[in-house]
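Participant: I would like the atomic coordinates for the input below:
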Amino acid sequence: MSKKVLPYKESELGKKEQVKQMFDNISGSYDGLNRVISFGTDVKWRKRIVTFLKEQHPQNILDIATGTGDLAIALSQTGAKQIVGLDLSPGMLEVGKEKVSKKNLQDTIEMVVGDSENLPFDDNTFDAVTVAFGVRNFENLEKGLEEIRRVLKPGGHLLILETSVPTKTPIKQGYRIYTKYIMPTIGKVFSKDRSAYQYLSESASVFPHGKAFNNILDKIGFIGIENKPQTLGVATIYVATK
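Facilitator: Take a look at the predicted model:
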């Protein structure tokens, strides 16, 4: 059975529609809140993805769940000629398009509305695919990963940056307190949407990470799989190859 990630909340809407609406609602405050909630470390994590891919010299990159385009913009430093940022949320993409335009990267980066589980691209299209803080929002995780593998060229790289749960005491306890109580409160104060940041916290707590996620990538057919814990294990970078 394909693994599904924790739903946002009980609703007649499917998870995709709920996630789209949630990110549309918080799109205006998302960037600032990311910096506050992660203490700015999310910027460093993205730079590590860029450093890895820069050595691979990709010509074209697909950034799934691109949101407001932070990673897509950073990936321009790899020298790629084409970067496609794909996201379900038009609101997030509108913010991203403005950022891309301000940096004069519109000839390199294209921002498109799309579904990660039904990618609008041919087989073997991209040299690399990246996903930052997005795979836990897939309605059907395995289907999304299968689609990624389909559009990757043979030998192409997948890099995923995702939250994870620290395993060592007392970091583990502190992390739980922070994500369960403090993070949703910060979200409510700055975005007026506590439920959105409560969802982000809850989905991170149940999402498979480390070896468990490695096993899922292996099942899909990826090779050369590595997981690289970041900042005491609060996030992980996964690297895999088609």
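Participant: now the helices: where do they sit in this structure?
Facilitator: Secondary structure of the chain by DSSP state H: the helices cover 15-26, 30-37, 41-54, 70-75, 90-102, 141-151, 171-177, 183-191, 194-206, 211-220.
Participant: out of those, deepest packed?
Facilitator: Counting by mean count of other CB atoms under 10 Å, helix 70-75 has the highest mean neighbour count of these, with a mean of 25. All C-beta atoms are positioned from the backbone trio N, CA, C, and that covers glycine.
Participant: which residues does Ile109 contact?
Facilitator: For Ile109, the contact set (CB atoms under 8 Å, 6 or more residues apart in numbering) comprises 69, 72-73, 76, 83-85, 100.
Participant: re earlier: make CSV from the helices of the chain and add distance to Phe126 and mean pLDDT to it.
Facilitator: As requested, these are exported to CSV (distance: least, CB to CB, whole Å; pLDDT from 0 to 100):
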stretch, distance to Phe126, mean pLDDT
helix 15-26, 22, 80
helix 30-37, 25, 73
helix 41-54, 11, 95
helix 70-75, 12, 98
helix 90-102, 18, 97
helix 141-151, 6, 97
helix 171-177, 34, 82
helix 183-191, 32, 69
helix 194-206, 26, 68
helix 211-220, 16, 98
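Participant: tell me, which strand in this structure spans the most residues?
Facilitator: The residue-count maximum for a strand in the chain (DSSP state E) belongs to strand 152-163.
Participant: now that one: buried residues?
Facilitator: 152-153, 156-163 (16 or more other CB atoms under 10 Å).
Participant: and what of stretch 108-127?
Facilitator: 108-109, 111, 114-117, 119, 121, 125-127.
Participant: now flag whichever of those is closest to Thr41.
Facilitator: For those, the residue nearest Thr41 by CB to CB is Ile109; the value is 23.8 Å.
Participant: who's the closest one bridged to?
Facilitator: Residues in a beta bridge with Ile109, per DSSP bridges, are Ile83.
Participant: okay but Lys97 is in contact with Met111, surely?
Facilitator: Yes. Counting by CB atoms under 8 Å, Lys97 does reach Met111; the two are 5.1 Å apart.
Participant: and Thr78, what is it in contact with?
Facilitator: So Thr78 contacts 50, 53-54, 56-58, 61 (CB under 8 Å, 6+ apart).
Participant: again, only this time at 10 Å
Facilitator: For Thr78, the contacting residues are 49-59, 61, 127-128, by CB atoms under 10 Å, 6 or more residues apart in numbering.
Participant: take the helices of the chain and write them to JSON lines, including distance to Lys228.
Facilitator: Output for the helices of the chain, formatted as JSON lines (distance: least, CB to CB, whole Å):
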{"stretch": "helix 15-26", "distance to Lys228": "26"}
{"stretch": "helix 30-37", "distance to Lys228": "20"}
{"stretch": "helix 41-54", "distance to Lys228": "8"}
{"stretch": "helix 70-75", "distance to Lys228": "16"}
{"stretch": "helix 90-102", "distance to Lys228": "26"}
{"stretch": "helix 141-151", "distance to Lys228": "18"}
{"stretch": "helix 171-177", "distance to Lys228": "17"}
{"stretch": "helix 183-191", "distance to Lys228": "23"}
{"stretch": "helix 194-206", "distance to Lys228": "17"}
{"stretch": "helix 211-220", "distance to Lys228": "11"}
